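**Q** Structure for the following, please:
(one chain, ligands or ions: 2)
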Amino acid sequence: MCIFCKIVEGEIPSNKVLENDDFIAFHDLYPKAPIHILIIPKEHVACFQEVSGEMMAKMTPFIQEVATLTGVDKSGYRLTTNNGDDGGQEVHHLHFHLMGGAKLPFEHRSDDTHSSL
Ligand code: 5GP
Ligand code: ZN
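**A** Ligands and ions are numbered 1, 2, ... in the order given. So this is what the prediction gives:
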């Protein structure tokens, strides 16, 4: 079972922001911005390239609600997903990074040590 499936099952604790029947949003363990939330489907989908349009249609309003709840809907945010090896994907369970709370630098990879945030 992948680590995000373990978070879904409650085997690994997470700091949850929002949850419904299909998705969970929780704080990234190693935040790269003042607000850095991960948003995942409960169903294991490996990456963006494999997600269905139906799931994305449900996920979009969930992500927007997370942005509103964390207060970045007005101030702005960056929403990214790393897909596959060249995209720098480290956890192979679809997730979107929602980052905000400050002006963001261009780099936002998890191994970026140059961020001033
Ligand atoms: P990726 O590089 O796959 O796009 O991003 C994976 C993200 O998951 C990284 O930002 C990393 O900090 C985060 N992460 C890895 N393991 C855990 C964990 O056990 N809990 C939480 N909350 N975040 C994690
Ligand atoms: Zn998984």
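**Q** Output the below-cut-off pLDDT ranges for this structure.
**A** 107-117 (pLDDT under 70).
**Q** where does it come near ligand 1, residue by residue?
**A** 3, 12, 14, 26-30, 38, 82, 88-91, 110 (Cβ under 6 Å from any ligand atom). From N, CA and C alone the C-beta is placed, and that goes for glycine too.
**Q** Tell me the residues of the chain that contact ligand 2?
**A** Near ligand 2, the residues belonging to the chain are Cys2, Phe4, Cys5, His44, His93 when assessed by Cβ under 5 Å from the ion.
**Q** repeat that with 8 Å
**A** Taking Cβ under 8 Å from the ion as the contact definition, the chain meets ligand 2 at 1-6, 8, 40, 44-46, 92-93.
**Q** And these, which of them are buried?
**A** The neighbour-count test (16 or more other Cβ atoms under 10 Å) applied to these identifies Phe4, Val8, Ile40, Val45, His93 as buried.
**Q** Among the residues of the chain next to ligand 1, which one sits closest to Gly71?
**A** Ranked by distance to Gly71 (Cβ to Cβ), the residues of the chain next to ligand 1 are led by His27 at 14.1 Å.
**Q** Quick check, the closest one in contact with Ile39.
**A** No. In this structure, His27 sits apart from Ile39 without contact. The criterion is Cβ atoms under 8 Å, and the distance is 11.1 Å.
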